[in-house]
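> Sequence first, predicted coordinates after that:
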Amino acid sequence: MARRRAKRPECPNCDQPLRAEDNYCARCGQENHTHKLPLRYFFVELLGGMYNFDTKLVRTLRDLFAPPGLATRNFNENKRARYVPPLRLYLFTTVVFFLVSAWLPDRPKEPRDGRNGLQFTAGSDSLDEELTAMARAGTLTDSVIDSVLRRQGEEPDLITRKLLRAAMEQNAGGAASATFKERIKANFTNALFVLLPVFAVILKLFCIRQKRFFTEHLVFAVHYHTVFFLLLLIAALIEWPFSANGTDASTVTGIAVLIGIAILPWMMRTAYQRPWWKSIIKAMMITVLYGACLGTAVALTAIGTALMN
């Protein structure tokens with residue numbers, strides 16, 4: 001029975017002719033009525049959207065881990081309505097991870113030669129200390145850097161100058177170092193996004209006999225990176241109370257990385273339905289190859305960030 005409401009003879013969205021008993025357009029699904037939206041519409045849409053997303057999110061996370069790869073296999077078998085789309089889930093996870101990482105306190109670092117963290121060198125220890133002090137004071141100018149390079153027997157150029165400045169500012173710590181780290185983190189996020197199809201290509205090469213479409217491997221790549229970020233997120237939350245008390249609990253992150261590596265053959269076993277021994281061997285080779293790509297991306301990200309500084 002048709003609902004009693006004022007209706008239009010054609011769809012207001014796509015101009016499809018409508019009958020008097022049509023509550024919705026058969027072409028685009030637009031509701032057929034002439035009245036304005038009530039305020040409760042926005043609350044209903046908000047709560048309905050949140051409920052649908054939460055339900056799908058819980059189901060997706062469950063099938064990503066129990067067992068690993070189940071969500072990937074189901075998604076590639078066209079069982080998709082129950083899950084959050086892979087790319088949307090990946091973006092949601094990475095945003096949450098980096099927001100939490102920015103909010104949590106930094107890990108305490110063991111002092112090395114009087115300074116903290118990863119160290120860079122400009123020559124002798126005394127020269128390092130002098131340039132680091134100037135970077136900390138904000139007096140490390142291009143002319144000073146050029147004179148240092150000439151003393152080292154190198155001709156100054158834009159790339160070398162920027163790399164040396166970034167190294168000394170990193171050693172100095174403070175606001176400049178924090179800004180540099182944030183830029184590296186942002187650029188590395190973009191690099192990881194670019195590496196998703198690279199990981200899918202590697203999967204395609206190692207699973208070429210299965211005659212699967214490239215998009216199936218891309219779904220696997222997105223889901224695997226999502227799992228990795230979720231593990232790192234859990235590790236960061238576990239480390240938080242220790243970091244707040246000044247205790248270094250970075251071992252937790254190391255364990256999360258190892259679990260992420262160990263999950264890869266399990267995901268391949270479930271998603272591709274291959275024997276365990278094949279999945280383990282292929283996962284080991286994929287880890288080495290993709291690890292090389294990831295290491296190259298980290299190096300290029302650090303250099304690129306320094307050059308854009």
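The structure has been received and is ready for your questions.
> contacts, neighbours, all on C-alpha from now
Noted.
> Mind pulling up the pLDDT for residue 292?
pLDDT, residue 292: 90.
> residues in contact with it?
By C-alpha atoms under 8 Å, 6 or more residues apart in numbering, no residues touch residue 292.
> part of a strand, is it?
No. Under DSSP: H, G, I helix; E, B strand; the rest coil, residue 292 falls outside any strand and is assigned helix.
> So it versus residue 23, what's the distance?
Here residue 292 is placed at a distance of 58 Å from residue 23 (C-alpha to C-alpha, to the nearest Å).
> Residue 90 now?
37 Å.
> before we move on, what about residue 219?
From residue 219 to residue 23 the distance is 38 Å (C-alpha to C-alpha).
> cool, and residue 224?
Taken as C-alpha to C-alpha, the span from residue 224 to residue 23 is 43 Å.
> more crowded one of those two?
Regarding residue 224 and residue 23, a neighbour count based on other C-alpha atoms under 10 Å identifies residue 224 as having more, with 25 against 19.
> doesn't residue 264 make contact with that one?
Yes. Between residue 224 and residue 264 there is a contact at 7.4 Å, judged by C-alpha atoms under 8 Å.
> Could you list the buried residues of the host helix or strand of residue 235?
Residue 235 belongs to helix 214-244 when assigned by DSSP states H and E. Buried residues in helix 214-244, defined by neighbour count with 16 or more other C-alpha atoms under 10 Å: 216-233, 235-237, 239-240, 242-243.
> And stretch 77-88, by the same measure?
Across stretch 77-88, burial judged by 16+ other C-alpha under 10 Å covers 82, 83, 84, 85, 86.
> One more: stretch 14-30?
Buried, per 16+ other C-alpha under 10 Å, within stretch 14-30: 18, 22, 23, 25.
> Output that stretch as CSV, restricted to C-alpha atoms.
This file holds the C-alpha atoms of stretch 14-30, laid out as CSV (Å, rounded to 0.1, in the frame of the first residue of the first chain):
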residue,chain,number,x,y,z
CYS,A,14,17.1,12.0,-12.5
ASP,A,15,13.7,13.1,-14.1
GLN,A,16,12.5,9.5,-14.4
PRO,A,17,8.7,9.4,-14.8
LEU,A,18,7.0,8.1,-11.7
ARG,A,19,3.6,6.6,-10.9
ALA,A,20,1.4,7.8,-8.1
GLU,A,21,2.1,4.6,-6.1
ASP,A,22,5.9,4.9,-6.4
ASN,A,23,7.6,5.7,-3.2
TYR,A,24,11.1,5.5,-4.7
CYS,A,25,12.6,6.0,-8.1
ALA,A,26,13.3,2.7,-9.9
ARG,A,27,16.3,4.2,-11.7
CYS,A,28,18.3,6.0,-8.9
GLY,A,29,16.5,5.1,-5.6
GLN,A,30,15.6,8.7,-4.7
